[in-house]
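*Asks:* One predicted model, sequence on top.
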Amino acid sequence: VERSRGLGDVYKRQLSVFSQNTAGMIRTTVPEREPGQTDMVAYRAPALDSVRVGFIGLGMRGPGAVHRFANIDRTSIKALCDLYPERVAKSQEILKKDGRPAAAEYSGEDGWKALCERPDIDLVYICTPWQNHVQMVKYAMEHGKHVAVEVPAAMNLDECWELVNTSEKTRRHCMMLENCVYDFFELTTLNMAQKGLFGDILHAEGSYIHNLEDFWKAYQGNWRLDFNEKNRGDVYATHGFGPAAQLLNIHRGNKLNYLVSMDSKALTGPRLVKKLEGRESKDFQNADHTMSMIMTDNGQTIHLQHDVMNPRPYSRMYQVTGTEGFANKYPVEGYAFRSVEEIEGVPDHENLSSHSFVPNDVKEALMEKYKHPIQREIEDKAKSIGGHGGMDYIMDYRLVYCLLNGLPLDQDVYDAAEWSAVGALSRLSIENGSMPVEFPDFTRGAWKKLNGYHHFMKGE
């Protein structure tokens with residue numbers, strides 16, 4: 001099947017299977033697991049005495065990670081790497097300020113390989129542009145390292161499978177650094193859901209709505225605008241998708257079945273290229289607005305949106321609808337629950353205030369009562385160290401905690417693959433008239449092992 005916006009060269013994509021069954025479903029290949037290779041669902045690596053880490057990529061996200069790890073006990077920062085040596089020098093200053101010893105320095109085109117080859121590193125932490133992720137992740141795991149990699153972890157389905165297969169073969173963790181699952185409202189709401197406050201969850205929503213024009217102005221010709229120019233679909237789904245997937249226990253007793261996607265015109269993107277780079281973009285691929293609907297095996301739905309072009313207020317949507325309750329984060333945080341009181345007479349259906357969030361004092365009391373144990377333990381320190389208000393620190397702290405205690409990670413390689421795959425799958429749907437596209441089962445059947453429980457609780 002070959003389709004594009006029709007303004008430039010035809011974008012070619014090979015589908016290994018184009019199913020013409022009654023559902024009209026597009027399916028992609030799920031490769032057989034190689035002999036001797038087993039799944040990583042709920043995998044526990046041997047506990048570490050300390051976590052020795054090396055950082056690759058010290059541009060925008062990397063320096064903050066260096067600072068956060070320098071403030072986590074039982075860690076040592078062994079090596080720093082960036083294409084540009086001056087960035088390495090700046091991160092050395094962070095270590096000095098935080099009272100940590102200097103780390104080994106690597107730079108240039110192949111410096112990252114030398115870092116991965118060091119025998120004194122347990123974890124490689126990757127904060128490079130998206131297109132470099134998979135080659136670095138694979139190389140690190142093949143050299144015996146656990147890996148944490150920025151979002152999205154992979155750019156296409158082949159890369160998603162490379163992550164899965166390499167993790168299964170090497171028995172090394174591969175965690176995508178999806179920080180939004182550790183934001184405070186999301187943590188509390190996840191705990192509420194696990195305690196049954198929302199009843200049976202029916203629907204979840206997530207998005208990445210973030211006007212990036214100022215970012216693109218500051219970095220003219222930057223790789224991210226270029227990626228949007230060349231790629232169609234929801235190319236940055238994980239911030240909204242990750243929290244929704246965790247609420248629904250995806251690949252932990254539930255799985256993603258299929259998605260349907262559509263998009264708007266591409267108007268703002270070409271105008272930004274003209275404005276910022278002074279050239280015409282006649283085949284700008286990514287739409288101003290993209291939306292996807294996803295069906296799970298347990299009969300729940302997920303709605304995702306993507307818009308990085310237009311002057312909408314920042315939103316990750318984050319909405320949960322259950323049989324007994326409702327949660328919403330943007331633009332106003334709130335909870336609503338089914339009333340247990342009997343209603344006498346006929347309710348006034350025109351009084352919309354009677355169908356609203358619980359009062360603020362009730363909301364605050366609920367959030368205090370159901371504050372996630374991880375948040376309760378380190379919230380103050382997380383806020384003082386920082387990183388998107390503290391959620392980045394909680395993310396890194398949790399990663400270290402799980403490695404030190406030999407626990408399954410809150411996000412595993414299947415999360416990295418599934419959440420990243422939305423980009424490729426949404427493009428397939430859009431370019432084929434919004435046909436349903438089946439989610440490949442990256443666990444190859446192992447999603448049934450945990451029977452509906454998502455491991456995301458300290459000590460469990």
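*Replies:* Yes, it's here.
*Asks:* residue ranges with poor pLDDT in this protein?
*Replies:* In the predicted model of the chain, residues 1-23, 219-221, 339-355, 453-460 satisfy pLDDT under 70.
*Asks:* run the last query once more with 80
*Replies:* Residues of the chain that meet the criterion pLDDT under 80 lie in 1-23, 217-223, 339-355, 451-460.
*Asks:* Tell me where it has helices.
*Replies:* Using DSSP state H, the helices found in the chain span residues 62-69, 85-97, 111-117, 133-142, 157-170, 184-194, 213-218, 223-230, 238-247, 268-277, 360-369, 373-385, 391-405, 413-430.
*Asks:* Can I get those in TSV including mean neighbour count and distance to residue 53?
*Replies:* Glycine gets a C-beta too; all of them are placed from N, C-alpha and C. What follows is the helices of the chain, written out as TSV (neighbours: other CB atoms under 10 Å; distance: least, CB to CB, whole Å):
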stretch	mean neighbour count	distance to residue 53
helix 62-69	23	6
helix 85-97	16	12
helix 111-117	20	10
helix 133-142	22	11
helix 157-170	21	18
helix 184-194	22	24
helix 213-218	13	28
helix 223-230	17	25
helix 238-247	27	22
helix 268-277	17	36
helix 360-369	12	33
helix 373-385	16	16
helix 391-405	23	9
helix 413-430	27	18
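*Asks:* Switch the ones you listed over to JSON lines; also include distance to residue 443.
*Replies:* As requested, these are arranged in JSON lines below (distance: least, CB to CB, whole Å):
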{"stretch": "helix 62-69", "distance to residue 443": "28"}
{"stretch": "helix 85-97", "distance to residue 443": "36"}
{"stretch": "helix 111-117", "distance to residue 443": "26"}
{"stretch": "helix 133-142", "distance to residue 443": "18"}
{"stretch": "helix 157-170", "distance to residue 443": "8"}
{"stretch": "helix 184-194", "distance to residue 443": "21"}
{"stretch": "helix 213-218", "distance to residue 443": "35"}
{"stretch": "helix 223-230", "distance to residue 443": "28"}
{"stretch": "helix 238-247", "distance to residue 443": "13"}
{"stretch": "helix 268-277", "distance to residue 443": "35"}
{"stretch": "helix 360-369", "distance to residue 443": "33"}
{"stretch": "helix 373-385", "distance to residue 443": "25"}
{"stretch": "helix 391-405", "distance to residue 443": "19"}
{"stretch": "helix 413-430", "distance to residue 443": "5"}
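*Asks:* for these, which one sits closest to residue 151?
*Replies:* The closest of those to residue 151 is helix 238-247. By CB to CB, the value is 4.5 Å.
*Asks:* between the closest one and helix 413-430, how many degrees?
*Replies:* Between the direction of helix 238-247 and that of helix 413-430, the angle (axes from the mean of the first three to the mean of the last three CA atoms, to 10 degrees) works out to 120 degrees.
*Asks:* Show the contacting residues for residue 291.
*Replies:* Listed by CB atoms under 8 Å, 6 or more residues apart in numbering, the contact partners of residue 291 are 261-263, 303-306.
*Asks:* Just put those residues in JSON lines and tack on neighbour count and distance to residue 282.
*Replies:* Supplementary listing: the contacts of residue 291 in JSON lines, determined by neighbours: other CB atoms under 10 Å; distance: CB to CB, whole Å:
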{"residue": "261", "neighbour count": "27", "distance to residue 282": "23"}
{"residue": "262", "neighbour count": "15", "distance to residue 282": "22"}
{"residue": "263", "neighbour count": "24", "distance to residue 282": "18"}
{"residue": "303", "neighbour count": "17", "distance to residue 282": "32"}
{"residue": "304", "neighbour count": "24", "distance to residue 282": "28"}
{"residue": "305", "neighbour count": "20", "distance to residue 282": "26"}
{"residue": "306", "neighbour count": "29", "distance to residue 282": "22"}
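*Asks:* What is the nearest of those to residue 323?
*Replies:* Each of the contacts of residue 291 was scored against residue 323 by CB to CB, and residue 303 proved nearest at 17.9 Å.
*Asks:* Distance of the closest one relative to residue 425?
*Replies:* As for residue 303, its distance to residue 425 is 15 Å (criterion: CB to CB, to the nearest Å).
*Asks:* one step back: out of the contacts of residue 291, list just those in strands.
*Replies:* Per DSSP state E, strands hold the following members of the contacts of residue 291: 261-263, 303-306.
*Asks:* farthest-separated two in the residues you listed?
*Replies:* By the measure CB to CB, the ones in strands among the contacts of residue 291 have their two most distant members at 263 and 303, which lie 14.3 Å apart.
*Asks:* For the most centrally placed residue in the chain, list the residues it contacts.
*Replies:* Central residue of the chain (CA atoms, centre = their mean): residue 238, 3.3 Å from the mean position. Counting by CB under 8 Å, 6+ apart, residue 238 makes contact with 151-152, 176, 178, 180, 419-420, 422.
*Asks:* TSV please, covering those residues and showing distance to residue 66.
*Replies:* Written out in TSV, the entries for these read as follows (distance: CB to CB, whole Å):
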residue	distance to residue 66
151	18
152	22
176	19
178	19
180	21
419	25
420	24
422	30
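*Asks:* Looking at those residues, which is nearest residue 293?
*Replies:* Proximity to residue 293 was ranked across the contacts of residue 238 by CB to CB; first place goes to residue 422, at 11.6 Å.
*Asks:* Please tell me how far that closest one sits from residue 200.
*Replies:* Relative to residue 200, residue 422 is positioned 24 Å away (CB to CB).
*Asks:* got the contact list for the nearest residue to residue 205 once chain neighbours are set aside?
*Replies:* Nearest in space to residue 205, with sequence neighbours left out and distances taken as CB to CB, 6 or more residues apart in numbering, is residue 319 at 4.0 Å. Under the criterion of CB under 8 Å, 6+ apart, the contact partners of residue 319 comprise 203-206, 326-329.
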